[in-house]
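K.L.:
After the sequence you'll find the predicted model.
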Amino acid sequence: MTQKNEQQIFQQRIQQLVIERLAQKLPSDWRALVGKVDTEIALASPGREDMAIQLAPLLAKVEGNETEEEALVFAFADRVAVAVREAGSKPHLMGQEEKLYPVLRHPSFLKEKASQSFVHRKHTAETVVLYALELEAGYTLITEDMLTEAGMSAERLHTYAVENLTRLGGEPRRDQVGDHVFYFYAFSDSYSASRVLNTELMTDMASRINGKMGVAVPHQDVLIIADMADAKGAYMLAQIAVDFSMRGDVPITSLPFMYVEGEIEPYMVMRNPKQRHRPTE
């Protein structure tokens, strides 16, 4: 049996396990079906458009942790079932102020979702701030209608969201490559990239930086801060950002940023930079 065939059998087996679990957990008017490919399933309900659920994140976890296959499959399917139930109910902001958080998206997201008026705020040329209401299984993005119904201003929403963000803890993982140091904020709360909006955190990190401070938010679940000794460090951060942007479930931008005087601006680097000088202070 070829490696390709083994991979296909593995994917189909996990796909079937998820479908069987969802048959027990989904609301009675929903069904889980085999998707168009082995790495997805379809959720169907009368009168609703089918939903495609990607299995790639689950498959990656199971491949590296086969002893916990059943627990991982059950947890994944249960989260999907909860999300389906929550999607069927109308969310409200009243009394939910402690569950509001900012999230980042690429500006193109707003064009793709033009039919939905999400509350948003300008950030950079590569990022825009949206707002999320935390639910049991993830979050829902806040619309203008939800804001109006709650009688809340966009500025007040932003204040609540950032205040809640600053309460999230967690220490970054530190990696050093030569003279360059990289800090990875990667947590399971869905707001890792959002931490770039935490002014206190960014100011504290800036005080630790010896060279130039680089930043990357390739996808929703990671914020990367780099202490770059020279142009090579900037090139390395750019490569890391591209690599990470292809891994995340919710990509943001593959471009890195420079942090200067409390602001971040995207930058591009030439391939294999020849200059190796230390940036002037």
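P.N.:
Nice, I can see it.

K.L.:
residue ranges for the helices of the stretch 1-150 of the chain, please.
P.N.:
3-25, 56-63, 69-87, 108-112, 144-150 (DSSP state H, counting those that start in this stretch).

K.L.:
Format the ones you listed as CSV; extra columns: mean neighbour count, mean pLDDT and distance to Arg48.
P.N.:
All C-beta atoms are positioned from the backbone trio N, CA, C, and that covers glycine. As requested, the helices of the stretch 1-150 of the chain are arranged in CSV below (neighbours: other CB atoms under 10 Å; pLDDT from 0 to 100; distance: least, CB to CB, whole Å):
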stretch, mean neighbour count, mean pLDDT, distance to Arg48
helix 3-25, 15, 90, 15
helix 56-63, 16, 86, 23
helix 69-87, 17, 86, 10
helix 108-112, 12, 91, 20
helix 144-150, 15, 93, 20
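
K.L.:
Out of these, the one nearest Glu265 is which?
P.N.:
Comparison of the helices of the stretch 1-150 of the chain against Glu265 by CB to CB identifies helix 108-112 as nearest, at 18.7 Å.

K.L.:
hmm, who's touching that closest one?
P.N.:
With contacts defined as CB atoms under 8 Å, 6 or more residues apart in numbering, helix 108-112 is touched by 118, 120, 128, 130.

K.L.:
Okay, and which of these map to strands?
P.N.:
120, 128, 130 (DSSP state E).

K.L.:
Among these, which one has the most neighbours?
P.N.:
Within the ones in strands among the contacts of helix 108-112, most neighbours by other CB atoms under 10 Å means Leu130, with 22 neighbours.

K.L.:
That one pairs with what?
P.N.:
On the basis of DSSP bridges, Leu130 is bridged to Val103, His120.

K.L.:
ok, it - contacts?
P.N.:
102-105, 109, 118-121, 141-142.

K.L.:
Throw these into a markdown table and include distance to Ser45, thanks.
P.N.:
Formatted as a markdown table, the contacts of Leu130 follow (distance: CB to CB, whole Å):
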| residue | distance to Ser45 |
| --- | --- |
| Pro102 | 32 |
| Val103 | 27 |
| Leu104 | 31 |
| Arg105 | 27 |
| Phe109 | 26 |
| Phe118 | 24 |
| Val119 | 28 |
| His120 | 30 |
| Arg121 | 34 |
| Leu141 | 22 |
| Ile142 | 25 |
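
K.L.:
Which member of the ones in strands among the contacts of helix 108-112 is positioned nearest Gly211?
P.N.:
Val128 (28.9 Å).

K.L.:
so what's that closest one up against?
P.N.:
By CB under 8 Å, 6+ apart, the contact list for Val128 reads 104-107, 109-110, 120-122.

K.L.:
Mind doing that once more with 6 Å?
P.N.:
Going by CB atoms under 6 Å, 6 or more residues apart in numbering, Val128 touches 105, 107, 120.

K.L.:
likewise Ala226?
P.N.:
Taking CB under 6 Å, 6+ apart, we find Ala226 in contact with 182, 214, 237.
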